[in-house]
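Asks: Only the shape, not the letters, is given here:
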């Protein structure tokens, strides 16, 4: 993915915006800079347009008599129906476990590109890489009833594996839970100190993140382990 260069551009563009006081917990212990425009993120804008265009198909996949393009999407809609009335953490576990069963697949193999942000129906046709898991989890939780202000797709640097990665952050009360394609566990953000966020987004805004200098220096002194998928 080319998300690192895009993230650095985004960060530089957003630092002109003052940090905004928020009742939500700080994401990975960072200072956040919010901007309402998604203009710097064309891949995310494209994915949002695709998601909106697919909504009628989602409904068809929920109808036993409807025409649905994939069995995966039918199973997805059934899983969503099963979450009605369940506790929020149980819903998160169900969504993360169900979607992590799809096999990781690089964008270059799916689309002949180094970086492509897929919609849910594209994901169910081809599977995808880390940001594609995060996107389909975002849409799934929105379909279940989570409000947008409780969800963020987060682009991070994994300082242990020394690579860029994408996860979904879910805000619940005074805690932030991370849904990651690397594990089916629902992990509180405090247990993932190796993740240093570049930026986070939802359908309404974007945030740049600045990590305390001492924390970055400590990660750098630890040194990266060999990269893993």
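Replies: Happy to help now that I have it. Fair warning: this is a prediction, and the values are worked out from it, not measured in the lab.

Asks: I'd like to know how far residue 155 sits from residue 82.
Replies: Distance, residue 155 to residue 82, by Cβ to Cβ, to the nearest Å: 30 Å. In short, each C-beta sits where N, CA and C put it, glycine included.

Asks: With neighbour numbers in mind, choose between the two.
Replies: Between residue 155 and residue 82, counted using other Cβ atoms under 10 Å, residue 155 has the larger neighbour count: 24 against 13.

Asks: For residue 134, grab the count of nearby residues.
Replies: Residue 134 sits with 27 neighbouring residues when counted by other Cβ under 10 Å.

Asks: all numbers from here: first residue = 347
Replies: With 347 as the first residue, the last one maps to residue 480.

Asks: Which of the three states applies to it?
Replies: helix (DSSP: H, G, I helix; E, B strand; the rest coil).

Asks: Give me the pLDDT for it.
Replies: According to the prediction, residue 480 has pLDDT 98.

Asks: Same check on residue 483?
Replies: 98.

Asks: Next SSE downstream of the helix or strand harbouring it?
Replies: Element membership of residue 483, judged by DSSP states H and E, is helix 476-490. Next helix or strand after helix 476-490 toward the C-terminus (DSSP H and E): strand 497-504.

Asks: tilt between that next one and helix 476-490?
Replies: Inter-element angle recorded for strand 497-504 and helix 476-490: 160 degrees (by axes from the mean of the first three to the mean of the last three Cα atoms, to 10 degrees).

Asks: And strand 497-504, what does it pack against?
Replies: helix 349-360, helix 476-490, strand 509-518, strand 541-547 (3 or more Cβ pairs under 8 Å, 6 or more residues apart in numbering; DSSP states H and E).

Asks: Many thanks, I have nothing further to ask.
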